[in-house]
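>>> quick one, structure for this:
(2 chains, ligands or ions: 3)
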Amino acid sequence: MFPAEFDYERAESVSEALEALERYADADVEILAGGHSLVPAMKTEGREPDVVVDLDVPALDAVNALDDRTVLGALTTYATIADSGAVRSTVPLVAEAASEVGDLQIRNRGTIGGNLAAAHPGADLPAAVLASDATILLRNRDGKREVPATDFFRGDGETAVEPGELLAGVRVPHADGGGFAYAKKTHPATGYAMVGVAAVVETDGGGDGDADRDAGGEGTVSSARVAATGAVDRAVRLPSVEDALVGDPLDSAPIDAAASEARADIDPERLRADASASAEFRGELLEAYVARALETAADRAAGDTPTA
Amino acid sequence: MSTHDISLTVDGTTEELTVESRTLLVHALRDELGYTAPNVGCESGKCGACTVEMDGDAVKSCTVLAVQADDSDVTTAAGLAEGGLDPVQRAFHDEHGLQCGYCTPGMLATTHQLLDENPDPTRAEIRTALKGNVCRCTGYGNVVDAVETAAERLSDAESSAEPAGSEGERDQRAEPPRPEGED
Ligand SMILES: Cc1cc2nc3c(=O)[nH]c(=O)nc-3n(C[C@H](O)[C@H](O)[C@H](O)COP(=O)(O)OP(=O)(O)OC[C@H]3O[C@@H](n4cnc5c(N)ncnc54)[C@H](O)[C@@H]3O)c2cc1C
Ligand code: FES
Ligand code: FES
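Ligands and ions are numbered 1, 2, ... in the order given. Below you'll find the predicted structure:
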């Protein structure tokens, strides 16, 4: 199996890449990052671009942890993200989702920018950036554009990236206390998520001491962001679950009540179905994995388990 | 169609070759250069038979364009041998971690990265690391035994070779420069 013929161009800076995108504006162009979605698609899915612009830009392979936010360059691989002490301490949910992608070899090559731009309906990073309230950083010939993650995913393979534009990175704000988790039911054949749920739950009035836990409280939920991948054609936030959590302590009864809202925001007609899971089963999985993610987040908020 | 002159170091030998844009690394290695250790199985990134180490990372060479590998250092399973079999290869032999051997070059390349980064893996960690390597005939029990045996032998060899207390710090990836996109 070989890809069809194409012209290849290597870009060693963002401006070289943008210049190439402009030069080939009339052709069918693909940007190449890790190639682990694009190359298989060019072999077996009839993807036949005229030109491939390979992003070989060291500045985009970078982790920059600041006081209140961490910026991940588009070419940062899952392996780098999962292993980076800076990512694990500042935005551990993103590290946890990256460590769940595919297998060791895939994690060595695949990039966060490629993962978000490819927008596979079962990809792991979209749920993590949604639950982190991240912002996607785009570049074009005129400058920069920032798109909140909530506006970025438009459908299966569809995003807010416009022709001539490239995804430069992701800005992830740091959560303010509380807990987080990514819980994934892996598709047995593809490795993607049949259903994956990312949660960030911020609490106040509680904390992480044993005394507090002995008193039976983990604090009151001040804000919650819960996102699912795999369930429909794109990653989505679950506002009904989030609303059900806020104002209550993060323990089992409110978690069960919140998880029972998991399907409230999703039109059953839109649930994905394939040979491994019917739409109905995916709906069941969604509820179960919302509960799992919230339980782990609650344990972490209470200091019961180490962070990722 | 465009062609490209690339340079690869394969198993220690520098190779210059011309590839088409669409040439995959596995085909450049096997068909152009004659390094036949990486095998072609699924061709879609799933089975791991084509795994080689590229600059120290295990990669599925059927899913990398040869031109993307320009200037990189590639080690195939055959290149791991040091005179005779290397400790990982020997452990697969001793534990009967293979039957037909088709998956074995990929298993060896992945195991090398695993033991480099985690010299004392648990059985669960071994299984997780080898998730992207599929074996159709021998099953995974003997493979996991082989990796465990290789890890034990390597750490025994290391402790007898090194003076006590010399456990150096592992290479930390330097935090790279500030990314573009935000300033
Ligand atoms: C066997 C296998 C298992 C996998 N399992 C998982 C899994 O469990 N979870 C998961 O999430 N993914 C999984 N993947 C997908 C993998 O993570 C891909 O690497 C990833 O989705 C795409 O990233 P990439 O860097 O390889 O991008 P590429 O394949 O290079 O690009 C993908 C698409 O995004 C565009 N693109 C890339 N970078 C940019 C950019 N900076 N700006 C604009 N457009 C860009 C490209 O033009 C292309 O259309 C799997 C893939 C394989 C082969
Ligand atoms: S042949 Fe490359 S992963 Fe199967
Ligand atoms: S030994 Fe035959 S495929 Fe693994």
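>>> now the stretch 151-300 of chain A against chain B: closest residue?
Of all residues in the stretch 151-300 of chain A, the one sitting closest to chain B is A:Ala168 (3.1 Å; C-beta to the nearest C-beta). For glycine as for every other residue, the C-beta is placed from the backbone atoms N, C-alpha and C.
>>> so that residue sits in a strand?
Yes - counting by DSSP: H, G, I helix; E, B strand; the rest coil, A:Ala168 falls inside a strand.
>>> so, low pLDDT: which residues of the stretch 201-308 of chain A?
Applying pLDDT under 70 to the stretch 201-308 of chain A flags the ranges A:205-218, A:305-308.
>>> ditto for chain B
B:1, B:162-183.
>>> gap between the residue nearest the centre of it and ligand 1?
With distances taken as C-alpha atoms, centre = their mean, the residue of chain B nearest its centroid is B:Ala109 (2.5 Å). According to C-beta to the nearest ligand atom, to the nearest Å, B:Ala109 and ligand 1 sit 16 Å apart.
>>> which of the helices or strands spans that residue?
Secondary structure from DSSP states H and E places B:Ala109 in helix B:104-117.
>>> ok, then the element right after that helix?
Later in the chain than helix B:104-117, the nearest helix or strand by DSSP H and E is helix B:123-129.
>>> correct me, but A:Gly219 touches A:Thr203?
Yes - contact status for A:Gly219 versus A:Thr203: in contact at 3.5 Å, counting by C-beta atoms under 8 Å.
>>> residue contacts, the residue of chain B found nearest ligand 1?
Nearest to ligand 1, among the residues of chain B, is B:Gly45, at 3.2 Å (C-beta to the nearest ligand atom). Contacts for B:Gly45 (C-beta atoms under 8 Å, 6 or more residues apart in numbering or on different chains) come out as A:36, A:39-40, A:105-106, B:60, B:62-63.
>>> for the residue of the stretch 1-150 of chain A found nearest ligand 2, grab the count of nearby residues.
Nearest residue of the stretch 1-150 of chain A to ligand 2: A:Gln105, at 7.7 Å (C-beta to the nearest ligand atom). A:Gln105 has 31 neighbouring residues, counting by other C-beta atoms under 10 Å in any protein chain shown.
>>> quick one: the strands in chain B?
Secondary structure of chain B (DSSP state E): strands at B:3-10, B:13-20, B:51-54, B:57-60, B:73-75.
>>> quick one: closest of the ones you listed to A:Thr111.
Across the strands of chain B, A:Thr111 has its closest neighbour in strand B:57-60 (13.2 Å, C-beta to C-beta).
>>> do the closest one and ligand 2 meet at all?
Yes - with C-beta under 6 Å from any ligand atom as the criterion, ligand 2 is reached by strand B:57-60 at B:Lys60.
>>> how far does that strand sit from the chain's center?
Computed by C-alpha atoms, centre = their mean, to the nearest Å, the chain-centroid distance of strand B:57-60 equals 6 Å.
>>> show me what it is packed against.
Packing partners of strand B:57-60 (3 or more C-beta pairs under 8 Å, 6 or more residues apart in numbering or on different chains; DSSP states H and E): helix A:104-109, strand B:51-54, helix B:104-117.
>>> please identify the most buried of the ones you listed.
Ranked by mean neighbour count under mean count of other C-beta atoms under 10 Å in any protein chain shown, the helices and strands packed on strand B:57-60 are led by strand B:51-54, which reaches a mean of 27.
>>> if we can go back for a sec, okay, the helices and strands packed on strand B:57-60 in CSV with distance to ligand 3 next?
Listed next are the helices and strands packed on strand B:57-60 as CSV, based on distance: least, C-beta to the nearest ligand atom, whole Å:
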stretch, distance to ligand 3
helix A:104-109, 16
strand B:51-54, 13
helix B:104-117, 6
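>>> and the residue nearest to A:Leu238 when sequence neighbours are not counted, what helix or strand is that in?
Once flanking residues are discounted, A:Leu238 sits nearest to A:Val226: 4.7 Å by C-beta to C-beta, 6 or more residues apart in numbering or on different chains. Under the criterion of DSSP H and E, A:Val226 resides in strand A:220-229.
>>> please name every helix or strand in contact with the next helix or strand after that strand.
Following strand A:220-229 in sequence order, the next helix or strand is strand A:236-237 (DSSP H and E). Strand A:236-237 is packed against helix A:125-131, strand A:220-229, with contacts defined by 3+ C-beta pairs under 8 Å, 6+ apart.
>>> need the longest helix for chain B.
Taking DSSP state H as the criterion, chain B has its longest helix at helix B:141-161.
>>> please disregard the earlier target; I meant chain A.
helix A:279-301.
>>> on contacts alone, who are the packing partners of it?
strand A:179-186, strand A:193-204, strand A:220-229, helix A:252-259.
>>> and the ones you listed: which comes nearest B:Leu80?
Per C-beta to C-beta, nearest to B:Leu80 of the helices and strands packed on helix A:279-301: strand A:179-186, 30.1 Å.
>>> what's the angle between the closest one and strand A:193-204?
170 degrees (axes from the mean of the first three to the mean of the last three C-alpha atoms, to 10 degrees).
>>> only the buried residues of the strand holding A:Val226, if you could.
A:220-229 (16 or more other C-beta atoms under 10 Å in any protein chain shown).
>>> skipping its backbone neighbours, what lies nearest the residue nearest to the centre of chain B in space?
Once flanking residues are discounted, B:Ala109 sits nearest to B:Thr51: 4.3 Å by C-beta to C-beta, 6+ apart.
>>> so that neighbour versus B:Gly12, what's the distance?
Distance, B:Thr51 to B:Gly12, by C-beta to C-beta, to the nearest Å: 18 Å.
>>> what do you get for A:Val161?
41 Å.
>>> more neighbours, the two?
Of the pair A:Val161 and B:Gly12, A:Val161 is the one with more neighbours under other C-beta under 10 Å, namely 21 against 9.
>>> who's in contact with the more buried one?
So A:Val161 contacts A:117, A:138, A:167 (C-beta under 8 Å, 6+ apart).
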